[in-house]
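Undergrad: Everything below, folded, please.
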Amino acid sequence: MGDSRISRIRWLLACLCVFVLLVQTGCWSKDEIEDLSIYVGMALDVANETSIERKMDKLGSGYRKKDLITYTLQIVDKQSEAKSGDTKSDSNAKPYLNVSETGDSLFEMIREFAVRLERPVVGHHLKLIVINESLSRRYDMSNLLSFMLRDNDIRPNSLVVMSSGSARKVLEAKGNAIIPSFRILGMVDNRYRTLKIIPPVSLIKLEGKMNAKSSYLLQNVLASDGEVKFSGAAVIKGKTQKFRGRLSEEELLGITWLTGKGKGGAVKSYDPDTKQIMTYELITMKSKIMSHVNNGKISFHVEIESTGRLIEEWLLSKEEINDEFKRRVEESAEKVVRRQIKLGLNKIQKEYKADVVGFGNRLSIEHPKQWRKVKEDWDEEFSKIPITYSVKLSVTESGAKQGH
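TA: Next up, the predicted model:
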């Protein structure tokens, strides 16, 4: 009886093992990774055919299209490690390949790569989308990104940035050790070092902004001779979803203080007494937006607070770092921050008329009835509303040698 029961248990276990093996997921696709062109970056520019496209056109290549957009893919070059057995040429090979196609349909262009490359292109590992600001002036973001948002192959957490120059050049690098798309992602991680890098905007976050017709910022990238730099931000207008203008680096600093979303950075100022350099490195930053409605009139006040350390000072001989000196640092740094806020606020409110800070969100929470009256034309209304702000910086640490 016992042996029979043990046999049944063994038989059931064996059946269970076979069933588990059958339902295990695995790579059932016939496409091996070596047989695919995996692209990690893409760039959208105003139409500008590459030299190879022009040569192909002269030879009779071409299909019915309008030359509106040049679409560039950055493909991880799996075969760069072993080409023709030439060790010297292999060592100089770049780990990526940029290919461009010019036309009017992004989906058609990406399929056009099938007649130019030996391996099908796939976007499962797309990291970066770069859009040229001139292109964004002509076409709204929802149209430019429609294909990416619908394609199941493309990652919804792909980073989206703007380029004030050629977007294609952002995908270029000196030397052969860097994949440019990965370099941009790495630079975003430096937010804890500077206030000049805004919170990353992914494709899925962008979809929410576009659907809500909200104004927002995209990090601006400059590119020249294989080098890149984050410099300011592009303002996308809510109602049109087109590029409205650019914030300079200093204007962007002011907007970051208003949002309170900075992770780290420094405020350089000059001692009003000695004219020497004093640098405040922030440890914490927070801002609180308060909305007020009085007799139907809207106003805002922003309270900004930060703690930080005195990280650099150029002292005159025998000068001590005491409480009075620290207060001079605080007051001098506060003056710089107020100037930056004034510059940034004037640009977004008076010139661009685009609420990229979130004043409307605060109004909708605190005064929903008033918000419903103004939300249809909020950016225009926003441009007329009084906004005040207060800045309080506190030096809580000092790595400098204390006076005696």
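Undergrad: And the pLDDT for residue 359?
TA: We have a pLDDT of 97 for residue 359.
Undergrad: Name all residues that make contact with it.
TA: 289, 291, 300, 382, 385, 387 (Cβ atoms under 8 Å, 6 or more residues apart in numbering). From N, CA and C alone the C-beta is placed, and that goes for glycine too.
Undergrad: I'd like to know how many residues surround the last one.
TA: Translated: residue 387. Using other Cβ atoms under 10 Å, the number of residues around residue 387 comes to 17.
Undergrad: now it: how far from residue 202?
TA: When distances are taken as Cβ to Cβ, to the nearest Å, residue 387 and residue 202 turn out to be 29 Å apart.
Undergrad: can you check the third one too?
TA: Using Cβ to Cβ, one gets 28 Å for the distance from residue 300 to residue 202.
Undergrad: between these two, who's got more neighbours?
TA: Counting neighbours by other Cβ under 10 Å for residue 300 and for residue 202 shows that residue 300 has the greater number, 19 against 16.
Undergrad: Next, the contact list for the closest residue to residue 44 other than its chain neighbours, please.
TA: Sequence neighbours aside, residue 131 is the residue nearest to residue 44 in space, at 5.0 Å (criterion: Cβ to Cβ, 6 or more residues apart in numbering). When contacts are counted by Cβ under 8 Å, 6+ apart, residue 131 touches 43-44, 141, 144, 160-163, 167, 218.
Undergrad: what's the most distant pair in these?
TA: Of all pairs drawn from the contacts of residue 131, the one with the largest separation by Cβ to Cβ is 43 and 141; the distance is 15.0 Å.
Undergrad: These two: who's more crowded?
TA: residue 43 (29 against 23).
Undergrad: Now do the contacts for that one.
TA: For residue 43, the residues meeting the contact criterion (Cβ under 8 Å, 6+ apart) are 71-72, 74, 129-132, 163, 166-168, 170-171.
Undergrad: So residue 171 is in contact with residue 183, correct?
TA: No - Residue 171 lies out of contact with residue 183 (Cβ atoms under 8 Å); the separation is 9.8 Å.
Undergrad: okay, these two: which has more neighbours?
TA: Neighbours per residue (other Cβ under 10 Å) separate residue 171 from residue 183, with residue 171 holding more: 27 against 15.
Undergrad: what bridges to residue 99?
TA: Residue 99 forms beta bridges with residue 73, as assigned by DSSP bridges.
Undergrad: Would you confirm that it contacts residue 70?
TA: No - contact criterion Cβ under 8 Å: residue 99 and residue 70 do not qualify, at 11.0 Å.
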